[in-house]
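Peer 1: Coordinates for the following, if possible.
(one chain, ligands or ions: 1)
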Amino acid sequence: MGTYIRYHRNNNLFELRTQNSRYSFFLRDGQYLIHSFYTDRRKKPEEHTVSPRVHFSPYSEEQGKDFFINNILREFPGFEEGDYREAALKIRNQNGDCCTRFIYKKHQIFPGRQELPGLPFAEADETTETLAITLEDKISKCEVMLYYTVFAACDVISRYYTVTNRGKAPLRIERCMSLSLDLSGRREMDWISLPGQYFYERNIQRVPIFEGIQGCGSRRGASSHYSNPFFAVCNRSATETKGDVYGFNFVYSGNFQTQIEACRESSIRIQTGLGQDCFSWLLEPGESFTTPEAVMTYTTKGLGQMTRNFHRFIRNHILPKETQHTPRPVVLNTWEASYFDIDEAKMLTFAESAAKNGLDMLVMDDGWFGARNHDRAGLGDWQPNPEKFPNGLKAFADAVRAKGVQFGVWIEPEMINPDSNLYREHPEWCLGVAGRRPSLSRNQRILDMANPAVVAYLKEMFDQTFRDFEPDYFKWDMNRNMSETGSSFLPLQRQDETAYRYMLGVYDLFAWFRKRFPHAIIENCSGGGGRYDLGMMKYSCQIWTSDNTIPEDRVRIQFGSMMAYPAETMSCHVSNRKHLTEDSRYLNYAYQVALNGTLGYELHLPNMSQTVQQAIAEQIREYKTHLEFLIRQGNYYRVLSPFETPYSAYYFESEDQSHILLTFLQNKGETPRTVKLKLPSADQNARYRDRYTGEIYEGFQLKKGFTLTTSEANHFGRMWALEKI
Ligand code: GLA
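Peer 2: Residues are numbered from 1 along each chain as shown. Next comes the predicted model:
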């Protein structure tokens, strides 16, 4: 019996409570786990009724004719047992069939949580408790341990399980969903997801749930630009501030599948996990397999609250602790300013002007190693190019630091150009399929991270390169997706495990980096935001949100990303991509967009005019003194969505509600009109002063909404730094 998790013996009921939600299921006949409800902690749960229409629904003779497995809400549906909806787990047993019926064996409740071997997972705090339930299928001798972990203060519950082969012959896991949740009844509901593409990541898409199966996923070997593991299911009437919302995410960075199956008769089944495409796993007798962790939250307070639950959860339980409580450096990244054209002398001018203008870090992007003068050669050879850095990297890093800024460096550990020394030595270290010519993407192939020898080599190599000076920051890139996904290291019958084992290898390398360079920040990147997920956030506290730095586009990308992820996970740079930076209105707009995250710059700072340099120095001063703490720690509210209006407006409110930072951004100039900005959390009995204009706002006025006149001009944005007086 725990504080948040209870088992009521009298009615065989399991009850999981968070601060505001309640999740419950019961054990029928000592055998089946039947879902009861996932609802508000204070609400009386709705009674759900089993559909009386049970024709064509199988029943078992032992259970009797009033128990139809296809018509009940379930915690862990098996395969081929008369439940025609999607299974949580499908295994092929020693007899060649896939039939399972998982029956309760025992359970335990304990404080904290267990670690997931080799996988990222959410860290426990004092409000964390776990329920572990053992189930077994008597015929296949397959045992499953279901884990439910409660993160009470954030209203989040996580789910995963371990499958153990207790039989005498191998089993094959053919479908594996970490979380399966049945919602009762036929309700009008919407599905919200974040589809996108390279350069236009994470658009908010809200569509009605139809009868049948819908969902999304990735077969790219990465969570990808195209899909994101976050999704939500909400009542059709749910808004930002009201309505039932269920949010989901997956602590994993590779292939995944999310599914919503709406059935006419009984339920909506929601699942997320590794799925069945590009994945199967051979389980020898005595072996166990642990799925990655999936997380869910529930609120009656609309989409805004769901977002805040996840933001809090990510801040408290996912992001690396080492980088949580120190200000993030404002970086000067060299990519868009210089591409591959870099050398010691040029980089030192960047470092100098970064220091002069108040930036904290030089991040030297691609082009510093091997024969990397373009993207056709050199990947894999992690030794500095002696022509560009004649004195070596340590001397260069010392010189950068002597200028007064920290030193960061770009790496792409998982990739290789065929034109590289590493490839010439070890062509067999790439992913590939026997007899087929491997496809290239950005002139590169993918190292076989499923092979421990490759991971060990990379550790050794990076240790050597960075041994005598430790970078303060790594930008860890990954610039292509998988094809012909096979591993020459794995036997024939394990080829389907390649993509998953690849991710385990990547996580192993990330964990090594965190340990070997404990003070360094790792910025994750995959051609921008191609691996924007909770798995990556476990090791890297910020992610290069998109290669698209055009502010008008970035507004949407950032707004979409923040549906599920807190602002500080987004690296956002002011760039000169549109060659408009000398225009002060544009520069200010680009800054107003970029500060909504972890601010940085990506332009040729030494070549910028004095006026621009001074403006940038002023931006950084303002960001550091007044804004960063609110954006890092504040609660986030959406006001106007760029997916529904030509504007974007949102605000951050400090935990004690004394400060509000409101931003309004117009996508382009228009004939002026008035728009209303409503701040639902403003204190209606308080008064606020705007630090920018000195104007006073009444709290009730902010709550009800105040009007703003839009502008004819392009690049129009406005901010309010409101302080309670
Ligand atoms: C990717 C990244 C860019 C940059 C280049 C370097 O495209 O997203 O920011 O680092 O690689 O090659």
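Peer 1: Report pLDDT for the residue nearest in space to the middle of the chain.
Peer 2: In the chain, the residue lying closest to the centroid (CA atoms, centre = their mean) is D533, at 2.1 Å. In the predicted model, D533 carries a pLDDT score of 98.
Peer 1: Would you confirm that it contacts H225?
Peer 2: No - using CB atoms under 8 Å, D533 makes no contact with H225, being 11.5 Å away. Bear in mind the C-beta positions are built from the backbone N, C-alpha and C, glycine included.
Peer 1: On the three-state scheme, the nearest residue to C430 once chain neighbours are set aside is what?
Peer 2: With sequence-adjacent residues excluded and distances taken as CB to CB, 6 or more residues apart in numbering, C430 is closest to R445, at 4.5 Å. Three-state assignment for R445 (DSSP: H, G, I helix; E, B strand; the rest coil): strand.
Peer 1: all numbers from here: first residue = 4
Peer 2: Done: numbering now begins at 4, and the last item shifts to R448.
Peer 1: Could I get the contacting residues of R448?
Peer 2: 418-421, 426, 433-435, 441 (CB atoms under 8 Å, 6 or more residues apart in numbering).
Peer 1: If any of the residues you listed are buried, give me the PyMOL selection for them.
Peer 2: One line in PyMOL is enough to select the buried ones among the contacts of R448; burial here means 16 or more other CB atoms under 10 Å:
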select buried, resi 418+419+420+421+426+433+434+435
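Peer 1: Now render the contacts of R448 as CSV, adding distance to the ligand and pLDDT.
Peer 2: CSV is the format used below for the contacts of R448 (distance: CB to the nearest ligand atom, whole Å; pLDDT from 0 to 100):
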residue, distance to the ligand, pLDDT
M418, 10, 98
I419, 14, 98
N420, 11, 98
P421, 17, 98
Y426, 18, 98
C433, 19, 98
L434, 20, 98
G435, 23, 98
P441, 20, 96
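Peer 1: What about the closest residue to the ligand within the chain, how many residues nearby?
Peer 2: Across the chain, no residue is closer to the ligand than D369, which sits at 3.5 Å (CB to the nearest ligand atom). Other residues within reach of D369, judged by other CB atoms under 10 Å, total 22.
Peer 1: Can you give me the distance of it to C575?
Peer 2: 20 Å (CB to CB, to the nearest Å).
Peer 1: Spell out which residues of the chain are next to the ligand.
Peer 2: 338, 368-369, 413, 480, 482, 528, 530-531, 547, 550 (CB under 6 Å from any ligand atom).
Peer 1: So which of these are in strands?
Peer 2: 413, 547 (DSSP state E).
Peer 1: Which of the residues of the chain next to the ligand fall in helices?
Peer 2: Counting by DSSP state H, the residues of the chain next to the ligand place W338 in helices.
Peer 1: Output the residues of the chain next to the ligand as JSON lines; include the columns pLDDT.
Peer 2: JSON lines is the format used below for the residues of the chain next to the ligand (pLDDT from 0 to 100):
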{"residue": "W338", "pLDDT": "98"}
{"residue": "D368", "pLDDT": "98"}
{"residue": "D369", "pLDDT": "98"}
{"residue": "W413", "pLDDT": "98"}
{"residue": "D480", "pLDDT": "98"}
{"residue": "N482", "pLDDT": "98"}
{"residue": "C528", "pLDDT": "98"}
{"residue": "G530", "pLDDT": "98"}
{"residue": "G531", "pLDDT": "98"}
{"residue": "W547", "pLDDT": "98"}
{"residue": "D550", "pLDDT": "98"}
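Peer 1: Excluding covalently adjacent residues, which one is nearest to the residue of the chain closest to the ligand?
Peer 2: W413 is the one closest to D369 (CB to CB, 6+ apart), at 5.2 Å.
Peer 1: What number of residues are in the vicinity of the one you found?
Peer 2: W413: 22 neighbours (other CB under 10 Å).
Peer 1: Does Y164 touch Y151 like I think?
Peer 2: No - at 9.8 Å, Y164 and Y151 do not qualify as touching, with contact defined as CB under 8 Å.
Peer 1: So which residues of the stretch 604-728 of the chain form helices?
Peer 2: 613-625, 631-636, 702-707 (DSSP state H, counting those that start in this stretch).
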